[in-house]
Structure formats: C-alpha cells, structure tokens
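Undergrad: Okay, here's the prediction I keep looking at, along with the sequence it came from:
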Amino acid sequence: MARTRIACARPVAPMLDKRFILDNTELVQTNCEHRGVKADVLRYVALETECRQLQQEIEELSRQANVVSKSIGKAKDDAERQQRKDEGRTLREQKDEKQSHLDRIAAEAGAIYRSMPNLTHPEAPIGDEAHSRELRQGEVEVRPLSFPVLDHVELAEQHDLIDFEGGARIAGNGFYFLKNEAVLLELALQQYAMELLVGEGFVPTITPDLARGEILQGIGFIPRGPETQIYSIENHDLNLVATAEITLGGLYSGQVIDQDQLPLKLCGISHCFRTEAGAAGRASRGLYRVHQFTKIEMFAFTLPEQSEDMHNYFCDLECRLFDGLGIPYRVIDTATGDLGGPAYRKFDLEAWMPGRGSSGEYGEVTSASNCTDYQARRLNIRYKVKGEKGTNFVHTLNGTAIAISRALIAIIENCQQADGTIVVPEALQKWVGKARIGSAAG
RNA sequence: GGAGAGGUGGCAGAGUGGUCGAAUGCGCCGGUUUGCUAAAUCGGUGACUGGGGAAACCUGGUCCGCAGGUUCGAAUCCUGUCCUCUCCGCCA
C-alpha cells in the first residue's frame, strides 16, 4: 500500500506565545510573509514590551495598596485610620490610571496578536496556491470515460436526485433538496464513515449546529465581520457552525485533560453552514459550493509530540475512505500562502471529478490540519502530567472524514455508466439497498 | 417562556466585609509504624503571570462561573450575564 508516512522529522513543538514572539521576532515576521498575512510584528513587540513595563509598575502599586489596606484594621484611632484610607485611595487611583493606559496598549497589541497565523511546518511548501505539492495519489487511477460525460447536476436531474430549484425557492440560491437515492447515499456515507472511525477508536458524536461567538473565535473563525463565512442568529450570541471542528474543539474549551487520556479522538456529524461571501464567480456549479451540507468530521486533542503522527493518521484515514469508495484522488500538501490562520500544516484530498471543467478536474473533498497549540491557546485547553507542576497546551487536529455534498459529486460523476445509470460503490450498497441508480434501459 | 435555589481548589463541602488562596473530608504525593492486603499516623499537595537564581528555591501580582460596580479593603454587598438544579407552562 502506498500509505507512506510523510515527513517524519520531528521539529520542536512551536509555541506562538508572547515570549516566543519577543524572542523570535524575525522568524515570526518571515512566517507572516510566507503566509501572506500583514501583521505588524515590530509594532507588536514594542507594545508588548511596554505592557510588561507597565504591568510591573501596576503590580508594585497594588502591592503598596494591599499593605496599606491590611494596616487599617490595626490602626489605633480614627484619625490614623482616615489617613490610611486616603493613602490607599491615592494608590489605587494611580494604579487605575496606569491600568487604563495599559488596557489601551494591550488592546492594540491583542489585535495584532490575534491576526498572526500559526507557525508553519518546515516541510510545507512556501508560496501561493500554485506551489502546493502533490504528495501521492489514491489506489484507483483516473480513467478516461469512453462516452459523453455528464456532470453531477445533469446526472442528478436525470435521476431526480437533487432539487436545486426547490432549495432556491425556500431558502435561496445555494440551498437544495436531496431526493431519492441521494438521501440514501448521504445516510450511507454517514454510516460508512462512522463505521470506520468508531472501529478506530473515535468517540462518535452528533454535535450542535449552533455555537457561541467565543467558541468560533477560539477555533479561528471570525463571526459577524463584513466578509464573514458565518451565518449569525439575530439577537443571540449564536452562529450556525461552518464545520463540526468548531463544536468538537469547543467541547473541551477551558478544560484541563489528564495526560493519560491523550490522544483523545472524536468524530462528529453536523450540518455545516457557509455564507460563501466573496466566492461568487469561482467554479461552483451544483453541489460544489453550497450554503449547507452535512459533514462527518474528525478531531483530536494530543500531546505536542503526538500531533504530527496524528496528522498523518488523519490523512491516511481520509485516503482509506476514498480508496474504499473507488474514487481517484490526489493528496496535496498545502502551500503556506493558502493556509488558514490556525493550521501549522494542511493536507487536502482532491477527488477526480469527471464532470468538472471541460474534461474533468480535481476538486477538494477533504482537508486535514494540524493546528498545534494555536486553537488550544485561544480556547484554553490544557493537559496535566501526573506528578508534574503546572499544565501545558494540548495540540488540536481536525480532518474531514466525509463532506457529503462533495463526496456526492465525486461518486455520482465517477460512477456514471455508458448506459446513463450510476453504480453505487460497493461499500455503500448495504445501506443504499441497491447496486445501481436508474435502469439500464437506455 | 414563568417562579425559585445555586455556581468556591481534582472531587465533596464550609465560609455574608479585613487576620481567606480559602476550614474540613476524600483523592493524590512523601515519611513513620504494623505489615499479606488493608488500616493507623505525620507532613505535603490549585492555576495563571512577573522579577531574582545555574538550580533547589526565594519573592510580587491576579484568580472563589464570567463581566462590571461600591469600598482603603470583596468569595462575602450591588448590577448584568452565562450555566446548573427544582417546580410550572409549552412541545418533538
């Protein structure tokens, strides 16, 4: 099997903490450039340094005020007591003044800090999307079809599988009804993915489809911005999730996990909602870029030294799922310029879609990211080693098991036959209840 | 949705303005004794963050759901908010 391990070199776990940025300013700056992020690292360093100075002064004033407060109970008479009170008040006022100054600076520093992306795996290709590197291909090879190829929209119409018009009428463009065998395929894909993942020791979950703004931000999404991908609920601090990564990662926010529970693997089924703001004009016919779909997501919390292996493991599982469906695909090591903020490294599976473009194209169907401690810092998820003092941040990883809408495209288009029928992948037949969609009458 | 009660350390649970980072018990770590296990007994045992030190360690600050407020001083009083529980209503 071609499931070779990728990149076994084990770099020291990167820690994008404030101290690290102060001590490695140039490295962080270069990293931002590689990722195409404009973050004023120098300004941040200056602000952060000033914050530290101010913080010390504030703590000294607090200390003095505490001493004064404690002495009041022991004061001999009212006059002395009053004098001490005034003294204490003055000290607190001085402290408050410095504190509000600090708050202003810290807010600016915080804004820069939050805009900084994670560090990057040394082997991730540097550059824009065009520099992304193909790591390997799936077991099934792309075969030219010897008949006029239809795309999934045409096939779905022929077999009455998807109602785009109905979806648009009730919710707008980008929504759809799955019908008939498409529904059975969705359910089969859920079962198929869950069967593998549960067997691999993942804890299966069905997650909320909504989450608080704080959780979205911890994972690295920006709700309610002008270009946001996120639908928000009016009058509530709730958002429709774009992926179960949000809810699965958020599940442990603020928690301290015992070391011996790690690595902790979860998988979750959720609906995913995306506004796709700014995505107009990109190739997005049919099911490819929709506002709602179902996804089975993998998520893991690991020790820092486990995350790289877990990342490769996620990628292997994705490969097994698509090999098992008989779909040709390639694995891409995403280039730095195309990485989102949280990802340290990201592998994508791109499935062959015969109906895409003029004569077939690869289209992204899964994505597995190692976010190291980036999300854990924002969500405050730590682990504790028995017998050791203190706690450390866990690493988090997420990967798509099956994104139903895109998997449907790949299945429908790859499994179309010369006679117009669609063969149901063998692995799904036991749930779909048939081997073929449509009759071979021709 | 309405009414009430409550959110304290790994857990349970005291604490209603200062001596409280917080009693007590459990758990955990270490010592002693008996020793087959167990029991008994003594001591230790929260997190975050700053400074000093090679280190052991020493020394500040912050934290009692979260955010504000009152006060010289807040776990304790006030406001908002989130969550949990009980009862009622509604409902798949």
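TA: Nice, I can see it.

Undergrad: what's around residue A:134, how many residues?
TA: Other residues within reach of residue A:134, judged by other CB atoms under 10 Å, total 11. Quick note: C-beta positions are derived from backbone N, CA and C, even for glycine.

Undergrad: What residues does it make contact with?
TA: A:330, A:331, A:332, A:333 (CB atoms under 8 Å, 6 or more residues apart in numbering).

Undergrad: Residue A:64 too?
TA: Contacts for residue A:64 were tallied using CB under 8 Å, 6+ apart; they are residue A:91.

Undergrad: what bridges to whatever residue of the stretch 151-300 of chain A ends up closest to RNA strand B?
TA: Closest residue of the stretch 151-300 of chain A to RNA strand B, CB to the nearest atom of the strand: residue A:256 (6.6 Å). Residue A:256 forms beta bridges with residue A:382, as assigned by DSSP bridges.

Undergrad: Tell me the residues of chain A that contact RNA strand B?
TA: Residues of chain A lying near RNA strand B by CB under 7 Å from any atom of the strand: A:18-19, A:52, A:55-56, A:58-60, A:62-63, A:65-66, A:68-70, A:72-73, A:84-85, A:88-89, A:92, A:256, A:382, A:386-387, A:389-391.

Undergrad: And the helices in the stretch 51-200 of chain A?
TA: Taking DSSP state H, counting those that start in this stretch, the helices of the stretch 51-200 of chain A run over residues A:78-115, A:152-159, A:164-171, A:181-199.

Undergrad: So which other helices or strands are in contact with the first one?
TA: Think helix A:78-115. Where contact means 3 or more CB pairs under 8 Å, 6 or more residues apart in numbering; DSSP states H and E, helix A:78-115 is packed against helix A:41-72.

Undergrad: Now stretch A:78-91: buried residues?
TA: Within stretch A:78-91, the residues scored as buried using 16 or more other CB atoms under 10 Å are A:84, A:87, A:88, A:91.

Undergrad: And for stretch A:401-421?
TA: In stretch A:401-421, residues buried by neighbour count (16+ other CB under 10 Å) are A:401-416, A:420-421.

Undergrad: Sitting in helices, which of those residues do you find?
TA: Using DSSP state H, A:404, A:405, A:406, A:407, A:408, A:409, A:410, A:411, A:412, A:413, A:414 are the members of the buried residues of stretch A:401-421 that sit in helices.

Undergrad: Can you convert these into a markdown table and add a column each for pLDDT?
TA: Shown next, in a markdown table, are those (pLDDT from 0 to 100):
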| residue | pLDDT |
| --- | --- |
| A:404 | 98 |
| A:405 | 97 |
| A:406 | 97 |
| A:407 | 98 |
| A:408 | 98 |
| A:409 | 97 |
| A:410 | 97 |
| A:411 | 98 |
| A:412 | 97 |
| A:413 | 97 |
| A:414 | 97 |
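
Undergrad: follow-up on the earlier one: can you tell me which of the contacts of residue A:134 are in strands?
TA: Among the contacts of residue A:134, the members found in strands (DSSP state E) are A:330, A:331, A:332, A:333.

Undergrad: Enumerate the beta-bridge partners assigned to the second one.
TA: To tie it back to what came earlier, the one meant is residue A:331. Following DSSP bridges, residue A:331 is listed with bridge partners residue A:136, residue A:349.

Undergrad: State the distance from it to residue A:325.
TA: Residue A:331 sits 15 Å away from residue A:325 when distances are taken as CB to CB, to the nearest Å.

Undergrad: What of the third one?
TA: The gap separating residue A:332 from residue A:325 is 19 Å, by CB to CB.

Undergrad: How many neighbouring residues does residue A:117 have?
TA: 23.

Undergrad: can you pull the contacts of it?
TA: Applying CB under 8 Å, 6+ apart, we find residue A:117 in contact with A:31, A:32, A:35, A:37, A:39, A:339, A:340, A:341, A:342.

Undergrad: sorry, back to before: residues touching the residue of the stretch 151-300 of chain A closest to RNA strand B, list them.
TA: The contact partners of residue A:256, by CB under 8 Å, 6+ apart, come to A:382, A:383, A:384, A:391.

Undergrad: just residue A:405 next, same as before
TA: Contact analysis of residue A:405 by CB under 8 Å, 6+ apart lists A:287, A:288, A:290, A:293, A:294.

Undergrad: Out of those, which two sit at the greatest distance?
TA: Using CB to CB, these span at most 15.1 Å, a distance reached by A:288 and A:294.

Undergrad: Show residues contacting stretch A:152-165.
TA: Under CB under 8 Å, 6+ apart, the answer for stretch A:152-165 is A:150, A:176-182, A:285-287, A:353, A:355, A:408-409, A:412-413, A:416, A:420, A:422, A:437-438.

Undergrad: Need the buried ones from these selected in PyMOL.
TA: In PyMOL, a selection of the buried entries from the contacts of stretch A:152-165 looks like this (16+ other CB under 10 Å):
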select buried, chain A and resi 150+176+177+178+181+182+286+287+353+355+408+409+412+413+416+420+422+437+438
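
Undergrad: In helices only, show me the contacts of residue A:117.
TA: Residues of the contacts of residue A:117 located in helices (DSSP H): A:31, A:32.
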